[in-house]
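S.K.: Quick one: sequence plus predicted model below, questions after.
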Amino acid sequence: MGGDEDSFTKLKQWIIKFKESIHKLDAKKTLSKFNIKPTAGSKKTTMKVVNSKRFMATGGALVVVVIAIAYMIFANNAFGVVVNGVEIAKVKDKRSADSALETLKQGFEKENDAVVAFKSQISYEKIKASKKQLLEGKALEAELKKHIGYSIRSAVIYADDKPVASFKTKDEADRVLKDIEEYFLQGLDRSGVKEISFAEKVEVKEEFSDTLDLMTREDGKNFIIKGTSEIRIHKVESGESFWSISRKYDISIEDLQKANPSANPEKIKIGQEINLVVPKSLIRVKTVEDSTYTDKIPYEQKLELSSSLYKDQSQVRVKGQYGEKEIKAEITKVNGIETGRVILSEKIIKQPKDQILVKGTKDPPPKKGTGTFSTPTRGSITSRFGRRWGRLHEGIDIAAPVGTAVKAADGGEVIFAGTSGTYGKLIKVDHGGGFVTYYGHLSKINVKVGAKVYKGQNIGSVGNTGRSTGPHLHFEIRKNGSPVNPSKYL
Ligand SMILES: [Zn+2]
């Protein structure tokens, strides 16, 4: 400061001296002008006057130039630090500004434990400044810090050209990608896998971004897998099931399972946390595997006609058999779900065998009662009509394997076809003349109420439904509502 004033004072004194010497010079000239004046009128005199005026002008210009030179010598050469087009500080030289900027940057880097870059546009311009206007050291740093913004170098994961998540280092971003790969490959049989990649175009680019965008490895992994950082949890309460939770939040069972891959839907416990956010992963893992497996070859069915069967009857004479082939295929999966299969080769191991179905051509008998009954199924009678353990057994039991055809004992109309208490699956056929037959414990019913059936028509299959101790047909004949002994009619 003191030096600054000194130099100004010196400059002023110097200028004053300079002006005085010019005045002296001027005075001399004036004197010579007067000396010459007696010869006025001559050309020479006029010339002298003109010369003297020119000299005065030159002197004035010289003063300006000298002042300028003096200013250049005694005012300081300096630099303006320009941030985003605005001068924010004056410095002695670029070097001191550069070093202040470097210190500032190192401070930012230490603060964030990362590489930073200034966001602001910084440039210098040559200026003149007095010493007291100049900033340096801590004062300069403080001024720069007020005006300069910075961003942090980060590694950004891109999926299909869209930024997905930012991390501090490329190493960390790469580790997150590895975590995601592991997550989607867990529980997957990797024996035939020959290629693991991402379904999306995935890149890690190093960029500068703002501090707040950075994610930790764990948060980044979860965010990418779920496609959101949203967390919605349901705590299981007494009496709740996967199904009731699915209904409560209007989430399908399938989605609920996707959101809780490690939960067992059959065994949820009170207090267990059920994730309600259905994942929509931003990056998916694609695998390509070679697979060898056997597959069935379907058989064909050939038709034969037979006059020994009724028109609406058919019978499998030769059961068809599936063939077998060995297939080599390349299977593509995305997040474990098959998305493509290319068959590379097929080798037949076993040829299929045709099935032969025989269809009847004989006209069926009339669909009404004939007055006589035939045995409804093939098998041995294991329990007869009459008293059994103190109760009336109202029909006969015919043991036969499940699936054996049950035929109407006579023509008539089906008046019941469904489930009925201890009978299990039951058919009742009304034959007219007060006669109704019952067929109980069936495994299958082939007719509907109201259907007309002929004598010997296949109406169902032997089973073990209702109160039954083994596969058999319980057969009753009722006359005017009361059970009669079927053996007397067959
Ligand atoms: Zn019975």
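M.R.: The structure has been received and is ready for your questions.
S.K.: For the ion, what's the nearest residue on the protein?
M.R.: Distances between the chain and the ion by CB to the ion are smallest at residue 474, namely 3.5 Å. Every C-beta, even on glycine, is put in place using the N, C-alpha and C of the backbone.
S.K.: mind listing what that residue touches?
M.R.: Residue 474 makes contacts with 395-397, 423, 438-441, 468, as judged by CB atoms under 8 Å, 6 or more residues apart in numbering.
S.K.: Same check on residue 77?
M.R.: Applying CB under 8 Å, 6+ apart, the residues contacting residue 77 are 126, 128.
S.K.: so it is in which element?
M.R.: strand 76-83 (DSSP states H and E).
S.K.: In the sheet, which strands lie alongside that strand, parallel or antiparallel?
M.R.: The strands that strand 76-83 pairs with in its sheet are strand 86-91 (antiparallel), strand 122-129 (antiparallel) (by DSSP bridges).
S.K.: mind saving the C-alpha coords of the first one as PDB?
M.R.: The C-alpha atoms that make up strand 86-91 are tabulated as PDB, following Å, rounded to 0.1, in the frame of the first residue of the first chain:
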ATOM      1  CA  VAL A  86     -17.800 -11.700 -15.300                       C
ATOM      2  CA  GLU A  87     -14.500 -10.400 -13.800                       C
ATOM      3  CA  ILE A  88     -14.500 -11.600 -10.200                       C
ATOM      4  CA  ALA A  89     -11.000 -10.800  -9.100                       C
ATOM      5  CA  LYS A  90      -7.800  -9.000 -10.100                       C
ATOM      6  CA  VAL A  91      -4.500 -10.800  -9.700                       C
END
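S.K.: I'd like the mean pLDDT over the helix or strand following that strand, please.
M.R.: Going down the chain from strand 86-91, the next helix or strand is helix 94-112, by DSSP H and E. On average, the pLDDT along helix 94-112 is 90.
S.K.: chain center to the helix or strand that comes right after helix 94-112: distance?
M.R.: Using DSSP H and E, the helix or strand that follows helix 94-112 towards the C-terminus is strand 116-118. If you compare the mean C-alpha spot of strand 116-118 with that of the full chain, they lie 33 Å apart, counting by CA atoms, centre = their mean, to the nearest Å.
S.K.: State the number of residues packed around residue 98.
M.R.: Residue 98: 14 surrounding residues under other CB atoms under 10 Å.
S.K.: Run through this protein and note the low-pLDDT ranges.
M.R.: Per-residue confidence of the chain (counting by pLDDT under 70) places the weak regions at 1-57, 59, 66-74, 211-212.
S.K.: okay, the strands paired with strand 76-83 in JSON lines with distance to the ion and mean neighbour count next?
M.R.: Converted to JSON lines, these look like this (distance: least, CB to the ion, whole Å; neighbours: other CB atoms under 10 Å):
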{"stretch": "strand 86-91", "distance to the ion": "105", "mean neighbour count": "19"}
{"stretch": "strand 122-129", "distance to the ion": "102", "mean neighbour count": "14"}
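S.K.: Just list what the helix or strand hosting residue 244 packs against, helices and strands only.
M.R.: Secondary structure assigned from DSSP H and E places residue 244 in helix 242-249. The elements that helix 242-249 packs onto, with contact taken as 3 or more CB pairs under 8 Å, 6 or more residues apart in numbering; DSSP states H and E, are strand 233-235, helix 253-259.
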